[in-house]
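# let me see the structure of the following:
(2 chains)
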Amino acid sequence: MRHLQFARSNTFRWAFMVAGVFAAFILVLFGFIYWQIDGYLIARSDRVITAQLDGIAGLSPERRLEATEERLRQDPRGVQVAAIFAADGRRMIGNVEQLPAELRIDGPAQGADIVRIDRGDKERQTIRAIAQRMTNGDVLLLGRKVDEATEISHVVGQALALGLLPGFLLCLLAGAWLSVRAQRRVEEVNQRVRRIIAGDLSERLPHRAVDEPFSKLAVIVNGMLDEMETMIHALAGVGNDIAHDLRTPLTRARLALERGRTNAHSLEQLQAVVDKAIAGIDQSLTIITALLRLAEIENSRRSAAFDDVALQDMLREVGDIYEPIAENKNIALHVEAPHPLSVRGDRDLLIEAVANLVDNAIKFTPEGGTVDIGLRRSGDGTVVSVNDSGPGISEQEREAVLRRFYRSDKIRNTPGVGLGLSLVAAIVKLHGFRLTIQPGPACRVEIACPDRRD
Amino acid sequence: MALNMVSVRDVPGIPNPGIVRNLAAVEKHMTRVLLIEDDGETAEEIRAELTDRGFDVDWSANGIEGLDKARSTQPDAIIVDRLLPGMDGLTVIETLRKEQVRTPVLVLSALGAVDDRVRGLRMGGDDYLTKPFAIVELVARMEALLRRPAESRETTLKVGALELDLIERTGRRGDRGIELLPREFRLLEYMMRRPDQLLTRAMLLEEVWHYKFVPATNLVDVHMGRLRHKVDGPDEAPMIHNVRGAGFILRAVP
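Have a look, this model is predicted:
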C-alpha cells in the first residue's frame, strides 16, 4: 500500500493532469492537421476536375467521347471517374453506372456516391464529382476518388500511437518519480521536525546543492532554527533567573507569615511580620513591573513620539537628583556637559536610561570614589558617558551584564533587581543608539548617539 | 528618622473614623466616592478602607451602570477601573467629560504601559494608578485629587511657622532662615502647597522630579532626609513626618 502512496500524492495528480492535457492537446493538433490536409486535397481535386470538365465540355460531342475514354485509359490507379449520359439518362460511355441522384447538374464539385462498373461486383464509391449539361443535352460527369485522406488518417493514427502514448506514459513516469522524490524529502524533513518538536533543538533540515529551491528553503529554515535555539537557551536561563529572583522574596514572605502565625503573641509582633511579608511581596512585584516595562520598551514603536531632547539640561538634572545619594556614600559626582547638545528621542526614556547608569555607578563604586557623567561630540555623533571608579566589568562579563537579571558574582549581595542594564540596553536600541561598556577596572559606559541623516 | 515616624492611622491628612477633624464639613457634606470596579474582592477592600476613612462609597461593577450612577448621584470623585464589562473605563471618562462633568477621576489599571497611562490621562482621567497598588497609595491620591491646591497668586507660602518666599526663593522657620538648594526648594514648595496631606514616594517622583519610573535607589528618602534636616532643627518639633510604608506628610506643629 505504502509504495502506491505516490499515486495519491499531489505531485502525481498534477503529473497525471498535465499528461492528460498534453494528450488532449496532441489529439486536437493532429485532428486539426488532418482536417486541414483533407480540406486542401478535396479543394485541389475539385479544382482539377472542374478544369478538366471545362476542357472536355469545349470539345465536339464526338471528341468528348474520345477524351473521356482517353482519360479513363490513362488512370492506372483507377481513381478517375468519367461518364457521358444522354439526355434520357442512358450511359453513353464511362465507368459509372448511372448519374447519382444527389449530384446537382451544372453545380460546383461535390461529394457523391456512385457505382463503378469497371470494377468487379459493381463497387460503390464515394467520390468528388462534377456534372455539366452539354449543348446537345448530354450530361458530362467527371469525378475523382479522394482516397489520400484515408491514407493520411492512417499515417496520423500511426503517429499518434507512436508519439502520444509514450509521451503520456513518460509524463506519468516523470510525475511519479518527482512525487516519490518530493515525498521522500518531505518525509525526511517531517521526521527531523518531529525530533525538533520532541525537544532535540540541535536537529537541522537536510540540504544538498544550495541552488536548488528545496535546499534553499532548508538553509533558511536552519538559520531560523539556529536563532531560535540560541533564543530558547537564553530564555531558559532567564526563566531560571526570574524564578530564582521571584522565589527568594516570596519564600521570605511565606516564612515570615508562617512563623508569625504561630509565634507572634502581640499585635506589634504580628504587624512586624506582616510588614516583612509585604516587603517581600513588594520586591516580587517590583521585579514583575520591571520585566513588563522591559518588554514594553523592547516591543515599543514609540519613535513616532520622538522629540528634540536637550541632553545638557537632562544630564544636569540627573546629576542634581543623584548628588545627595552620592554624597551620602562620600562619592564625588560630576557632570561634565559644557555644550548644549541635543538628540532626537524620548526624554522620559532617556532620563530613565541615564538615571539607571548613574544609579548603578553609585551602587558599585566604593566609598570615596568618583562618578562622572559626561557629554561630548565624537566623530559624527553625540556621546553620553558615565564613568566610575568602581571595580568595573571584566571582558567576559561584558555581554552578560546586558542580559536580564544578570548580576556578577562580585555584586550578588548588592540589592537591586539586576534588570537595570538590560533596560538601558533596550532604551538605547529603541533609539538606534549604541551602548558600549569598556572592560577593566573603572567602569566606562557610553551611549553613542549618531547624528541623524535627514 | 525614627523620632517622627508615624503610622498611617494617625495621619490627620487622612480622615479617620476615630477623629472627626472638620465636623462642620462632614455634617454638611460627606465626601462621596463612586467606585467602578468589576472585581468584587478588590472593590470590597477599597470600599472598606475608604469607608473607614470617612468616605461614602458607592460601588458599581460595570461601566454602563457606573456611568448612570456618575450622572445621577454626582459624586465628589470617581475611581474607575480601566477594563470593565459593559463599557471600557476610558469610555466612561470620555463620555462624562463630553457632558462637561469635571469630577476628578482616578483610573485603576492592570495595564501598566506608559502609553496606556498617557491615554488614560488624555481621556480626562486626573490620575492613574497601576495594579497592584498599596491601598495607602490609592487613598493618598484620592485625597490629592479632592484637595487640589488652588492656583494662588500668593508670593509666600505658610504652614505654621514655616514660610517660603517664592520670589526671593528663600525659606524660614520662625526666626531661623533656611538655606535651600533649588531641588530642595522645589520639593518643599510642592509639600507646602499640600500641607496635612500624605504624599507618597511615587507621587513625589512623578510630580517633583517628573520621573515616570521608580528608580532602584531610595531617591525620595535621601532627598527628604536632606530637606528634613534643614526644616526640622535639632530642638524643634518635627514638621516633616515619615508615614511608615506610605510616604511623607508636612504639618504645622500643633
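
# okay, strands next: where are they in the stretch 101-250 of chain B?
For the stretch 101-250 of chain B, the strands defined by DSSP state E, counting those that start in this stretch occupy B:105-109, B:127-130, B:156-159, B:162-165, B:170-173, B:176-178, B:199-200, B:240-243, B:247-250.

# in JSON lines, list those strands along with mean pLDDT and distance to chain A.
Bear in mind the C-beta positions are built from the backbone N, C-alpha and C, glycine included. Listed next are those as JSON lines, based on pLDDT from 0 to 100; distance: least, Cβ to the nearest Cβ, whole Å:
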{"stretch": "strand B:105-109", "mean pLDDT": "88", "distance to chain A": "12"}
{"stretch": "strand B:127-130", "mean pLDDT": "82", "distance to chain A": "8"}
{"stretch": "strand B:156-159", "mean pLDDT": "90", "distance to chain A": "22"}
{"stretch": "strand B:162-165", "mean pLDDT": "92", "distance to chain A": "19"}
{"stretch": "strand B:170-173", "mean pLDDT": "90", "distance to chain A": "17"}
{"stretch": "strand B:176-178", "mean pLDDT": "90", "distance to chain A": "16"}
{"stretch": "strand B:199-200", "mean pLDDT": "92", "distance to chain A": "13"}
{"stretch": "strand B:240-243", "mean pLDDT": "91", "distance to chain A": "13"}
{"stretch": "strand B:247-250", "mean pLDDT": "92", "distance to chain A": "14"}
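
# Throw those strands into CSV and include distance to A:Val146, thanks.
Formatted as CSV, the strands of the stretch 101-250 of chain B follow (distance: least, Cβ to Cβ, whole Å):
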stretch, distance to A:Val146
strand B:105-109, 95
strand B:127-130, 98
strand B:156-159, 123
strand B:162-165, 124
strand B:170-173, 127
strand B:176-178, 129
strand B:199-200, 111
strand B:240-243, 119
strand B:247-250, 114
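
# need those strands in JSON lines (columns: mean neighbour count).
Putting the strands of the stretch 101-250 of chain B into JSON lines (neighbours: other Cβ atoms under 10 Å in any protein chain shown) gives the following:
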{"stretch": "strand B:105-109", "mean neighbour count": "24"}
{"stretch": "strand B:127-130", "mean neighbour count": "20"}
{"stretch": "strand B:156-159", "mean neighbour count": "16"}
{"stretch": "strand B:162-165", "mean neighbour count": "19"}
{"stretch": "strand B:170-173", "mean neighbour count": "18"}
{"stretch": "strand B:176-178", "mean neighbour count": "13"}
{"stretch": "strand B:199-200", "mean neighbour count": "24"}
{"stretch": "strand B:240-243", "mean neighbour count": "21"}
{"stretch": "strand B:247-250", "mean neighbour count": "24"}
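
# helices of the chain, start to end?
Went with chain A since none was named. Taking DSSP state H, the helices of chain A run over residues A:5-8, A:10-57, A:61-73, A:148-197, A:213-263, A:267-299, A:311-328, A:347-364, A:397-400, A:420-431.

# think we crossed wires, I meant chain B
Using DSSP H, helices in chain B cover B:23-28, B:40-52, B:63-73, B:89-98, B:114-122, B:135-146, B:182-192, B:201-207, B:219-231.

# export these as TSV, with columns for mean neighbour count, mean pLDDT and distance to chain A.
Shown next, in TSV, are the helices of chain B (neighbours: other Cβ atoms under 10 Å in any protein chain shown; pLDDT from 0 to 100; distance: least, Cβ to the nearest Cβ, whole Å):
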stretch	mean neighbour count	mean pLDDT	distance to chain A
helix B:23-28	10	45	29
helix B:40-52	15	91	14
helix B:63-73	17	91	25
helix B:89-98	20	88	18
helix B:114-122	17	62	7
helix B:135-146	20	88	11
helix B:182-192	19	92	5
helix B:201-207	18	88	10
helix B:219-231	20	91	5
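
# nearest to A:Gln183, of the ones you listed?
helix B:114-122 (50.3 Å; Cβ to Cβ).

# can I get the helices of chain B in JSON lines with distance to A:Ile152?
JSON lines is the format used below for the helices of chain B (distance: least, Cβ to Cβ, whole Å):
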{"stretch": "helix B:23-28", "distance to A:Ile152": "117"}
{"stretch": "helix B:40-52", "distance to A:Ile152": "94"}
{"stretch": "helix B:63-73", "distance to A:Ile152": "87"}
{"stretch": "helix B:89-98", "distance to A:Ile152": "84"}
{"stretch": "helix B:114-122", "distance to A:Ile152": "82"}
{"stretch": "helix B:135-146", "distance to A:Ile152": "100"}
{"stretch": "helix B:182-192", "distance to A:Ile152": "108"}
{"stretch": "helix B:201-207", "distance to A:Ile152": "98"}
{"stretch": "helix B:219-231", "distance to A:Ile152": "103"}
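
# and these: which comes nearest A:Ile281?
Here helix B:135-146 is closest among the helices of chain B (Cβ to Cβ), at 13.3 Å.

# which strands and helices sit next to the closest one?
Counting contacts by 3 or more Cβ pairs under 8 Å, 6 or more residues apart in numbering or on different chains; DSSP states H and E, helix B:135-146 is packed against helix B:40-52, strand B:77-81, strand B:105-109, strand B:127-130, strand B:199-200, helix B:201-207.

# which of these sits closest to B:Arg183?
helix B:201-207 (11.8 Å).

# chain center to stretch A:18-37: distance?
Here the centre of stretch A:18-37 is set off from its chain's centre by 36 Å, with Cα atoms, centre = their mean, to the nearest Å.

# please apply the same query to stretch B:33-41.
So, by Cα atoms, centre = their mean, the centroid of stretch B:33-41 is 19 Å from its chain's centroid.

# which parts of it are buried?
B:Val33, B:Leu34, B:Leu35, B:Ile36, B:Glu37, B:Asp38 (16 or more other Cβ atoms under 10 Å in any protein chain shown).

# with only the CA atoms kept, save that stretch in CSV.
Taking C-alpha atoms only, stretch B:33-41 is exported to CSV below (Å, rounded to 0.1, in the frame of the first residue of the first chain):
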residue,chain,number,x,y,z
VAL,B,33,-16.9,58.5,46.0
LEU,B,34,-18.1,56.4,43.2
LEU,B,35,-16.1,53.2,42.7
ILE,B,36,-16.4,51.4,39.3
GLU,B,37,-14.6,48.2,39.6
ASP,B,38,-15.6,44.7,38.3
ASP,B,39,-13.5,42.6,40.7
GLY,B,40,-15.7,42.2,43.8
GLU,B,41,-12.9,41.4,46.2
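
# reformat the buried residues of stretch B:33-41 as CSV; add distance to A:Phe168 and pLDDT.
As requested, the buried residues of stretch B:33-41 are exported to CSV (distance: Cβ to Cβ, whole Å; pLDDT from 0 to 100):
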residue, distance to A:Phe168, pLDDT
B:Val33, 86, 93
B:Leu34, 82, 94
B:Leu35, 80, 94
B:Ile36, 76, 93
B:Glu37, 75, 92
B:Asp38, 70, 89
